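Visitor: What follows is a protein structure lacking sequence information:
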């Protein structure tokens, strides 16, 4: 019951902190971590705030990965596959090596394989943390897309290295770079096939479902089913879920407007609540870590500070080298292309759920019953890296963005949006001509529709194209606002009457609910 109360409390806190974060112009997930820390440090609380480490990744990663991956596309990955490979694979491997070497020197009694496991814990920036923190700040979408692409795939690399290092530490396997590479490639290929297969089956099933609620429920179940299937088959659940989301988005039907609205609302709610619980648990985990460290806490914190510096330093050197290379290229979508972008991408290497889950999943003992070497210090270092890379950027990123001036790309991104709007208007106009000439649409009807389509660009961009259009739009807005106010008042009175009727004896509540739903839909369309 205490765990249930904790989860409900974290969800409620997440809902409240969204508003607080908007007012303070701070990322609310970082505030959730702080709330979790404060709750964890309250004296007298029972040490029952634990969740089975094996459940953390399957419970939290699938929905959050699916929601994040839906915001990108196959085209982005095709255009940036080199950057993804360098960040999601090469940078992770280099970070693992640097952290493992540092830990071997600093931590007494740690085995090399255990140090590699630590490196795998802290190497991958988290896509959920990036989206939750950087997504709320006004940075160019091009840079955010690079961070998201990196985060969507680097967990797979880290998981393979971590699992192999742990097995080697407990004495059940050997740590071989060749075997690691083969395992990663096989897991990635299997995950791609699983993701594509589940997407095909899902589209087939969705084509036979006519109920919007059932279709939305299926999309909610799919990420979990895909992740667990891939995990059971020895493939990468992370990559399988990402491929599923990309393929589902690619095969979306243009006429599924109502379903898209419903699913967008559903996933926004799911993402908010799951993110709130996950980041709250990150903070709560600090209590047990500090208790286990005991009197060795100051020494361990010193080691943790050095590892944090290594993690940030490796990323800074990597991004600087990438900037030196990319600035001479012709691909305008790549990043970083300036020194300011390199600084920003370095600062946005937030760690999150994967680091927490891997740290908590360390076994207590090796195969011969001996304690896992330096387990407490490994977990403390991993959590310290998580806190440093999440909270420091979380609270300083808005200031850094303004100081660097990288938000000036917003106008260029707005121009890119106008290009898409122009294509939409041309497609609509061409279809209007077809309807009139081929299907015999009456001229008076066609002229009225054509006039409305002529304002489509202004509607989609929110900006009139000329001064005359501005004045006309202002007049139309004023007239429409008066009409909408009158219609809204009328609809409000209608809804109140339906609700009053629903409370009367002898009235079928379901009949009243159906009428009320139609009125609600009409109100939404009016808004």
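Guide: Arrived safely. Model, not experiment: these values are computed from the prediction.
Visitor: what does the helix or strand harbouring residue 99 contact?
Guide: Applying DSSP states H and E as the criterion places residue 99 in helix 91-106. The contact list for helix 91-106, computed with C-beta atoms under 8 Å, 6 or more residues apart in numbering, reads 110, 112, 115-116, 118-120, 122-124, 150, 154, 157-158, 161, 303, 306-307, 310-311, 314-315, 318, 378, 381. Every residue, glycine included, has its C-beta placed from N, CA and C.
Visitor: Report the buried residues of it.
Guide: Residues of helix 91-106 classed as buried: 91, 92, 93, 94, 95, 96, 98, 99, 100, 102, 103, 106 (neighbour count, 16 or more other C-beta atoms under 10 Å).
Visitor: and what of stretch 24-39?
Guide: 26-37, 39.
Visitor: what residues does that stretch touch?
Guide: With C-beta under 8 Å, 6+ apart as the test, stretch 24-39 has contacts from 10, 13-14, 17-18, 20-22, 45, 129, 132-133, 136-137, 275-276, 279-286, 387, 390-391, 394-395, 397-398.
Visitor: again with stretch 246-255
Guide: By C-beta under 8 Å, 6+ apart, stretch 246-255 touches 69-70, 72-74, 77, 195-196, 199-200, 202-203, 219, 222, 260.
Visitor: which one of those sits closest to residue 231?
Guide: Among the contacts of stretch 246-255, residue 195 lies closest to residue 231 (C-beta to C-beta), at 12.9 Å.
Visitor: Identify the spatial nearest neighbour of that closest one, chain neighbours not counted.
Guide: Among residues not flanking residue 195 along the chain, residue 243 sits closest, at 2.8 Å (C-beta to C-beta, 6 or more residues apart in numbering).
Visitor: so what's residue 351 up against?
Guide: By C-beta under 8 Å, 6+ apart, the neighbours of residue 351 are 122, 124, 125, 126, 129, 385, 386, 389, 390.
Visitor: Try it again at 10 Å.
Guide: Residue 351 makes contact with 121-126, 129, 282, 311, 382-383, 385-390 under the criterion C-beta atoms under 10 Å, 6 or more residues apart in numbering.
Visitor: Can you list phi and psi of it for me?
Guide: The phi/psi pair for residue 351 (degrees, to the nearest 10) reads phi -90, psi 160.
Visitor: how far away is it from residue 205?
Guide: For residue 351, the distance to residue 205 equals 37 Å [C-beta to C-beta, to the nearest Å].
Visitor: and if you look at residue 275?
Guide: Separation of residue 275 from residue 205 (C-beta to C-beta) stands at 28 Å.
Visitor: Have a look at the two and say which one is more surrounded.
Guide: Neighbours were counted for residue 275 and for residue 205 using other C-beta atoms under 10 Å; residue 275 has more, 24 against 13.
Visitor: Against residue 61, how distant is the more buried one?
Guide: 12 Å.
Visitor: Quick check: neighbours shared by these two?
Guide: Common neighbours of residue 275 and residue 61, using C-beta under 10 Å, 6+ apart, are 128, 352, 353.
Visitor: between these, which has the most around it?
Guide: Of all the shared contacts of residue 275 and residue 61, the highest neighbour tally under other C-beta under 10 Å goes to residue 352, namely 31 neighbours.
Visitor: Run through the residues that contact that residue.
Guide: By C-beta under 10 Å, 6+ apart, the residues touching residue 352 are 29, 33, 60-61, 64, 124-133, 151, 155, 275, 278-279, 282, 386, 389-390.
Visitor: Excluding sequence neighbours, find me the nearest residue to it.
Guide: Per C-beta to C-beta, 6+ apart, closest to residue 352 is residue 126, 3.0 Å.
Visitor: same question, residue 359
Guide: Nearest to residue 359 is residue 382, by C-beta to C-beta, 6+ apart, at 4.0 Å.
Visitor: Equivalent analysis for residue 400, please.
Guide: residue 347 is the one closest to residue 400 (C-beta to C-beta, 6+ apart), at 6.0 Å.
Visitor: Do you know the pLDDT at the one you found?
Guide: pLDDT, residue 347: 90.
Visitor: close enough to count as contact, residue 56 and residue 356?
Guide: Yes: the pair residue 56 and residue 356 qualifies as a contact (C-beta atoms under 10 Å) at a distance of 6.7 Å.
Visitor: so where's the longest helix in the chain?
Guide: helix 467-502 (DSSP state H).
Visitor: Mind checking the pLDDT average for that one?
Guide: For helix 467-502, the mean pLDDT works out to 76.
Visitor: name the helices or strands packed onto that helix?
Guide: Contacting helix 467-502 under the criterion 3 or more C-beta pairs under 10 Å, 6 or more residues apart in numbering; DSSP states H and E are the following elements: helix 456-461, helix 509-526.
Visitor: Would you single out the least confident of those helices?
Guide: With a mean of 58, helix 456-461 has the lowest mean pLDDT of those.
Visitor: picking that back up, overlap of the contact sets of residue 56 and residue 356?
Guide: With C-beta under 10 Å, 6+ apart, residue 56 and residue 356 have common neighbours 278, 281, 285.
Visitor: okay if I get the shared contacts of residue 275 and residue 61 as a markdown table plus distance to residue 146 and secondary structure?
Guide: What follows is these, written out as a markdown table (distance: C-beta to C-beta, whole Å; DSSP: H, G, I helix; E, B strand; the rest coil):
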| residue | distance to residue 146 | secondary structure |
| --- | --- | --- |
| 128 | 16 | helix |
| 352 | 17 | coil |
| 353 | 20 | helix |
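Visitor: between the strand or helix carrying residue 120 and helix 91-106, how big is the angle?
Guide: Per DSSP H and E: residue 120 is located in helix 112-122. Here helix 112-122 runs at an angle of 130 degrees relative to helix 91-106 (axes from the mean of the first three to the mean of the last three C-alpha atoms, to 10 degrees).
Visitor: please renumber so the chain begins at 51
Guide: With the count now opening at 51, the last piece we talked about shows up as helix 162-172.
Visitor: May I see the buried residues of helix 162-172?
Guide: Under the neighbour-count criterion of 16+ other C-beta under 10 Å, helix 162-172 has 162, 163, 164, 165, 166, 167, 168, 169, 170, 171, 172 buried.
Visitor: host element of the residue nearest to the last one when sequence neighbours are not counted?
Guide: Looking back up the chat, that one is residue 172. Nearest residue to residue 172 in three dimensions, chain neighbours excluded: residue 435, at 4.3 Å (C-beta to C-beta, 6+ apart). Per DSSP H and E, residue 435 falls inside helix 425-454.
Visitor: quick one: buried residues of that helix?
Guide: 425-441, 443-445, 447-448, 450-451, 454.
Visitor: and it, what's its mean pLDDT?
Guide: 87.
Visitor: Check stretch 105-115 too.
Guide: pLDDT averaged over stretch 105-115 gives 82.
Visitor: Okay, residue 572 and residue 420: tell me how far apart.
Guide: Applying C-beta to C-beta to residue 572 and residue 420 gives a distance of 70 Å.
Visitor: of those two, who's got more company?
Guide: More crowded of residue 572 and residue 420, by other C-beta under 10 Å: residue 572, with 14 against 10.
Visitor: The nearest residue to the more buried one once chain neighbours are set aside: neighbour count?
Guide: The shortest distance from residue 572 to any non-neighbouring residue, by C-beta to C-beta, 6+ apart, is to residue 541 (6.3 Å). Residue 541 has 16 neighbours, counted by other C-beta under 10 Å.
Visitor: I'd guessed residue 541 sits against residue 565; true?
Guide: No: counting by C-beta under 10 Å, residue 541 does not reach residue 565; the two are 11.9 Å apart.
Visitor: Run through the stretch 101-250 of the chain and note the low-pLDDT ranges.
Guide: Applying pLDDT under 70 to the stretch 101-250 of the chain flags the ranges 101-103, 185-186, 222-225.
Visitor: And the helices in it, which stretches?
Guide: 103-119, 124-129, 131-135, 141-156, 162-172, 177-184, 191-219, 227-256 (DSSP state H, counting those that start in this stretch).
Visitor: Can you lay out those as JSON lines showing distance to residue 551?
Guide: Below are the helices of the stretch 101-250 of the chain laid out as JSON lines (distance: least, C-beta to C-beta, whole Å):
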{"stretch": "helix 103-119", "distance to residue 551": "39"}
{"stretch": "helix 124-129", "distance to residue 551": "51"}
{"stretch": "helix 131-135", "distance to residue 551": "58"}
{"stretch": "helix 141-156", "distance to residue 551": "62"}
{"stretch": "helix 162-172", "distance to residue 551": "60"}
{"stretch": "helix 177-184", "distance to residue 551": "44"}
{"stretch": "helix 191-219", "distance to residue 551": "49"}
{"stretch": "helix 227-256", "distance to residue 551": "37"}
